[in-house]
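Asker: based on what follows, work out the 3D shape:
(chains A, B, C and D, ligands or ions: 4)
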There are 2 protein chains.
Amino acid sequence: MTSQQVEIALARAQRVCTLRGARLTPVRRRVLELILRADQPTKAYVLLAKLEQERGKLGPPTIYRALDFLLAHQLIHKVETSNAFVACDDAERAHQSQFVICEDCGATEEIQDDDIVASLRRLGEMRGFAVERQVIEARGLCPACRVGQRQA
Amino acid sequence: MTSQQVEIALARAQRVCTLRGARLTPVRRRVLELILRADQPTKAYVLLAKLEQERGKLGPPTIYRALDFLLAHQLIHKVETSNAFVACDDAERAHQSQFVICEDCGATEEIQDDDIVASLRRLGEMRGFAVERQVIEARGLCPACRVGQRQA
DNA sequence: GCAAATTCGTTACGCTATAACGTCTCTTAG
DNA sequence: CTAAGAGACGTTATAGCGTAACGAATTTGC
Ligand SMILES: [Zn+2]
Ligand SMILES: [Zn+2]
Ligand SMILES: [Zn+2]
Ligand SMILES: [Zn+2]
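Answerer: Residues are numbered from 1 along each chain as shown, chains lettered A, B, ... in the order given. Ligands and ions are numbered 1, 2, ... in the order given. This is a model prediction of the structure:
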């Protein structure tokens, strides 16, 4: 993601927050920027280390609070099977997302497929469950790493 | 699960292991039994504490190695969003499973739906990914807790 | 028996996440 | 303007999850 694109994404995040009466504070904004600039899902303690380089010693809560805020507003998602965080470019729209993750290089792509969401909801309802949140992640090899695998 | 049912499950696990040339050692067997007897997904450190009551101080690796073995043979599954382990009564058959989990009481049910597995695989393949492992979990409220929620 | 492989105990450590408390700032009603 | 309340943040401590590395003991295959 280019710096331009990052700026655009940050501006859009700012708009979303303002619209919702939420405050995109410096810490939150900076954490989002770090996630946006990373080309892969970012771990909480990596974010913490980077933020501490800039602001001196902090603690985990500082990061986790920022992450909780960004998650609540769908500005980021958590990849559960990686314990890592990725930016979402579709925060305006409430949505469930899925992920495909490369076991080899960590490349991660967000998917938004309404059919699979509906399917899982239906499976839950068939058992009497009221489904509120879904975690759907596929782990395997990305196109680039598949090639490497074949040659090795 | 009654003691009788636990014994039957353990006997079946023993058969599966023998058939595969794997050893269901005392530690592994006991860990499986603890998981079978629990009526809810069990956490690694809870298992560790119980095992240490019986055998004196051990360390996390003892439990995690047993869990890894049981996972490899599909005698148990890991519920990723709970960091907990549940027994599987269908170890003979290679299968992917999904889970519905109650946020309120922790009740967890295993689902085996081939269609949703195929769907997610297809979504991955459309992006060039070779999907090897899937995590599909739905969190919400179980039938019992839905009632409680409505009355509260 | 004996060598190789598997299993297990043990110590130590790293990563993930939250509890609890006090301070500071920002908003807003009076 | 100012006091009160809410929200955000810094700080310390701690709980929970998981693995690396090494050596001893056991089992297996020859
Ligand atoms: Zn998204
Ligand atoms: Zn890859
Ligand atoms: Zn199963
Ligand atoms: Zn429930």
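Asker: separation between A:Arg15 and A:Asp89?
Answerer: Separation of A:Arg15 from A:Asp89 (Cβ to Cβ, to the nearest Å) stands at 13 Å. Every residue, glycine included, has its C-beta placed from N, CA and C.
Asker: now for chain A, the helix or strand with the poorest mean pLDDT.
Answerer: helix A:143-151 (a mean of 83; mean pLDDT, DSSP states H and E).
Asker: buried residues in it, which are they?
Answerer: Buried residues in helix A:143-151, defined by neighbour count with 16 or more other Cβ atoms under 10 Å in any protein chain shown: A:Cys145.
Asker: ok, now stretch A:80-91?
Answerer: Buried, per 16+ other Cβ under 10 Å, within stretch A:80-91: A:81-82, A:84-88, A:91.
Asker: what residues does that stretch touch?
Answerer: The contact list for stretch A:80-91, computed with Cβ atoms under 8 Å, 6 or more residues apart in numbering or on different chains, reads A:9, A:12-13, A:16, A:32, A:35-36, A:40-44, A:47, A:67, A:70-71, A:73-79, A:97, A:99, A:101, A:106, A:108, A:110, A:112, A:135, A:137, A:139, B:80-81, B:135.
Asker: what about 6 Å?
Answerer: Contacts to stretch A:80-91, defined as Cβ atoms under 6 Å, 6 or more residues apart in numbering or on different chains, come from residues A:16, A:35-36, A:41-43, A:74-78, A:135, A:137, B:80, B:135.
Asker: give me the subset of these that also touch DNA strand D.
Answerer: Applying Cβ under 7 Å from any atom of the strand to the contacts of stretch A:80-91, one finds that nothing falls near DNA strand D.
Asker: can you pick the most crowded of the residues you listed?
Answerer: Neighbour counts for the contacts of stretch A:80-91, by other Cβ atoms under 10 Å in any protein chain shown, peak at A:Leu75, which reaches 28 neighbours.
Asker: so how far is A:Gln74 from the residue of chain A found nearest ligand 1?
Answerer: Proximity of chain A to ligand 1 (Cβ to the ion) peaks at A:Cys88, 3.2 Å away. Noted for A:Cys88: a distance of 6 Å to A:Gln74, by Cβ to Cβ.
Asker: try A:Pro41
Answerer: A:Pro41 is 16 Å from A:Gln74, by Cβ to Cβ.
Asker: and the host helix or strand of A:Ala138, what does it pack onto?
Answerer: Using DSSP states H and E, A:Ala138 maps to strand A:130-141. Under the contact criterion of 3 or more Cβ pairs under 6 Å, 6 or more residues apart in numbering or on different chains; DSSP states H and E, strand A:130-141 touches strand A:98-102, helix A:114-126, strand B:130-141.
Asker: 7 Å - rerun?
Answerer: Here strand A:130-141 touches strand A:98-102, helix A:114-126, helix B:114-126, strand B:130-141, going by 3 or more Cβ pairs under 7 Å, 6 or more residues apart in numbering or on different chains; DSSP states H and E.
Asker: just those: most buried one?
Answerer: When you average the neighbours per residue for each of the helices and strands packed on strand A:130-141 (mean count of other Cβ atoms under 10 Å in any protein chain shown), strand A:98-102 leads with a mean of 24.
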